[in-house]
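Undergrad: structure, please.
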Amino acid sequence: MGVVSLGKAATPLGPLKESWSSLSWGPHSPQQPPQRPLLRPRGLCLSSHPREESEAMELPLLLPLLLPLLLLLPPASLQGDHWAQPKALFHFGMNQQKQLSAPEGGSIRIPFFFDYSQDSGKVSNVIISWRWKHFHGDFIYNMTPVFIHNNFKNRLLLNWEEGMKNGSLQISNLRREDEGSYFCRVEMITEKYGEQEWQSIQGTKLTITHGESSCPA
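TA: Numbering: from 1, shown residues only. Okay, here's the model as predicted:
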């Protein structure tokens with residue numbers, strides 16, 4: 001226990017002429033009965049600065065109120081010293097002529113044009129494929145690995161060069177059963193956006209006639 005100092009002067013007793021103003025009660029003073037140590041509640045911090053002590057006690061009380069607000073923040077917003085920027089989106093497009101017609105026994109080219117975000121960076125592994133009849137129909141042509149549907153064996157030719165954004169699918173020796181819709185599909189790997197793939201939604205509707213073609217072969 002620390003030493004308690006009494007600063008008030010006392011009246012001398014008998015022949016004792018010394019002042020008690022400098023008298024200190026310590027653990028070995030015979031005049032002072034032993035005192036029990038001061039008890040303080042567990043976790044209570046006695047401070048000479050009441051304001052700091054008050055703020056320290058208020059902080060645990062505020063944490064339950066702040067926690068729900070922190071949970072509302074997106075995880076990325078809590079990292080670093082700045083707010084997270086929205087992720088860039090990959091933009092793409094595919095254009096095909098709505099309708100074409102060609103005579104039975106003739107040939108036709110179905111043109112296509114595709115585009116994508118200019119900030120994609122380096123583009124590699126471009127694969128062009130075609131579907132038949134409807135959006136989720138059978139694949140009739142694929143670049144890699146090379147595939148041609150049995151109904152079109154030796155009758156399909158893709159006119160396209162690497163680096164180009166347009167081309168055409170040529171169908172020769174047309175048959176009546178070739179009539180239907182054709183959908184171009186593109187796959188690629190971009191430096192910025194990774195692997196991407198998209199397909200024409202409405203495709204090109206091909207009609208087989210006995211007359212002249214609406215599109216030169």
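
Undergrad: name whatever forms a beta bridge with residue 208.
TA: In this entry, residue 208 is beta-bridged to residue 102, by DSSP bridges.

Undergrad: looking at the chain, which helix or strand is least sure?
TA: strand 24-25 (a mean of 36; mean pLDDT, DSSP states H and E).

Undergrad: contacting residues around stretch 199-211?
TA: Here stretch 199-211 makes contact (Cβ atoms under 8 Å, 6 or more residues apart in numbering) with 94-104, 108, 110, 112, 131, 135, 171, 174-176, 178-186. Where you see a C-beta, it was placed from the backbone N, CA and C, and this is true even at glycine.

Undergrad: mind listing what residue 107 touches?
TA: Counting by Cβ under 8 Å, 6+ apart, residue 107 has contacts 170-174, 217.

Undergrad: show me just the buried residues among the residues you listed.
TA: 171, 174 (16 or more other Cβ atoms under 10 Å).

Undergrad: okay, and which of the contacts of residue 107 map to strands?
TA: Secondary structure assignment by DSSP state E places 170-171 of the contacts of residue 107 in strands.

Undergrad: how about the contacts of residue 107 in JSON lines, adding distance to residue 163 and pLDDT?
TA: Listed next are these as JSON lines, based on distance: Cβ to Cβ, whole Å; pLDDT from 0 to 100:
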{"residue": "170", "distance to residue 163": "20", "pLDDT": "98"}
{"residue": "171", "distance to residue 163": "24", "pLDDT": "98"}
{"residue": "172", "distance to residue 163": "26", "pLDDT": "98"}
{"residue": "173", "distance to residue 163": "30", "pLDDT": "98"}
{"residue": "174", "distance to residue 163": "30", "pLDDT": "98"}
{"residue": "217", "distance to residue 163": "25", "pLDDT": "53"}
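
Undergrad: okay if I get the contacts of residue 107 as JSON lines plus distance to residue 127?
TA: Shown next, in JSON lines, are those (distance: Cβ to Cβ, whole Å):
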{"residue": "170", "distance to residue 127": "18"}
{"residue": "171", "distance to residue 127": "20"}
{"residue": "172", "distance to residue 127": "23"}
{"residue": "173", "distance to residue 127": "26"}
{"residue": "174", "distance to residue 127": "26"}
{"residue": "217", "distance to residue 127": "25"}
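
Undergrad: nearest to residue 151 among the contacts of residue 107?
TA: Taking Cβ to Cβ as the measure, residue 151 lies nearest residue 171 of the contacts of residue 107, at 10.7 Å.

Undergrad: didn't that closest one look like it was pressed against residue 105?
TA: No. The criterion here is Cβ atoms under 8 Å, and residue 171 misses it with residue 105 at 11.6 Å.

Undergrad: what about this protein, any weak spots by pLDDT?
TA: Along the chain, segments meeting pLDDT under 70 span 1-87, 211-217.

Undergrad: for it, which segments are assigned as strands?
TA: Using DSSP E, strands in the chain cover 4-5, 24-25, 92-96, 99-103, 108-116, 123-132, 139-142, 147-148, 156-159, 166-171, 180-190, 194-199, 204-209.

Undergrad: for residue 180, which non-adjacent residue is closest in space?
TA: residue 133 (4.7 Å; Cβ to Cβ, 6 or more residues apart in numbering).
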